[in-house]
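Chemist: I would like the atomic coordinates for the input below:
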Amino acid sequence: MKRSRDLPLGKEPSARLVPWIIALMIYLGCLLMGATFYTIGQAHHWESQLGASVTIEVPLSKSLSSATAQERVFSIVNQMKGVKSVQVVSQDEIQTLLKSWIPENSDVTSLPLPLIVDVALEPHAKIDLAHLENLLKTISLEVHLVDHRPWIQEVQNVIWIVISLSSIILGFLLICITFTTIFATRTSLLIHRQIIEVLHLIGATPTYISRQFDTHALKDGLIAGFSGVLLAIMTLGALYLLLQGIDLEISASPSFIYNTILSFLLAPFLIAILMMITARRTVYKTLAFGAY
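Modeler: Below you'll find the predicted structure:
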């Protein structure tokens, strides 16, 4: 008695749609994971860029040159405890930033550009920014101090929201895959009811019958998994080329690439194992109720 010929699983019309339905769910799940990893990577990048830092903007005038303003800012800031580094933003960088906010035909070099100083603080440094701003006001009353640290909490909130929503949607997709497998297995049990009854009469055990459903579910899971992952890779590749075609720069962090590749490689095997276990429990549960 050959196991592969006992139950012709997968030949019924309804069963042929199951791998494609699950492949669609895996495809959506892979896209969701890719978008999640990218968002988290960008959020961590913004967090590292902002970090514990403040920015000082000093408007320049005829009576206050860039060299004088820089010297006085450095003198005041370096006296504060908790300062890690002080760096002046070059005029070229400021002009590059302004070009994205003003019309293309405008002459950026003719604009009065301020002196911008980035001040990196030590982790958990406690600095009285109000006092620091009052000291900087002695240089010019129009000095503006920007504290980036409150943005860190906003970035962390974004990461938490993205992870929570992604987990809920992924959990919903896994539940759908589980119920689809249960429905397909029960349908196959009903379709092949007579064959299963004959197998029982000639001494086939529930384990023997269950293994045939296990193998079939495992095969469908691998086919659906690799199909969904392949479609997701093609979609992400096409999206990347599309964004490159419109001159929109997309930076992928190493963590995004690593997590995406790892999740795409593991997804087909994890889904196949989930389907195999679900099919086995469904068969055992159905046979335990004495349906055959």
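
Chemist: host element of I56?
Modeler: In the assignment (DSSP states H and E), I56 maps to strand 53-58.

Chemist: give me the contacts around stretch 133-147.
Modeler: With contacts defined as CB atoms under 8 Å, 6 or more residues apart in numbering, stretch 133-147 is touched by 54-59, 61, 64, 69, 72-73, 76, 129, 132. For the C-beta atoms, the positions are set from N, CA and C on the backbone; glycine is no exception.

Chemist: stretch 276-289 now?
Modeler: Against stretch 276-289 from outside (CB under 8 Å, 6+ apart): 178, 181-182, 185-186, 189, 206, 209-210, 213-214, 216-218, 221, 292.

Chemist: ok, so of these, who is nearest E197?
Modeler: Nearest to E197 out of the contacts of stretch 276-289 is Y292 (CB to CB; 5.6 Å).

Chemist: domain map for the protein?
Modeler: 3-47+153-288, 52-147 (automatic domain parsing).

Chemist: chain center to the helix or strand hosting L17: distance?
Modeler: Assigning secondary structure by DSSP H and E places L17 in helix 13-50. Offset of helix 13-50 from its chain centre (CA atoms, centre = their mean, to the nearest Å): 8 Å.

Chemist: which other helices and strands contact that helix?
Modeler: The contact analysis (3 or more CB pairs under 8 Å, 6 or more residues apart in numbering; DSSP states H and E) places helix 13-50 against helix 149-191, helix 206-245, helix 254-288.

Chemist: identify each buried residue in the shortest one, please.
Modeler: Okay, so that is helix 254-288. Across helix 254-288, burial judged by 16 or more other CB atoms under 10 Å covers 256, 259-260, 263-264, 267-268, 271-272, 274-276, 278-280, 282-283, 286-287.
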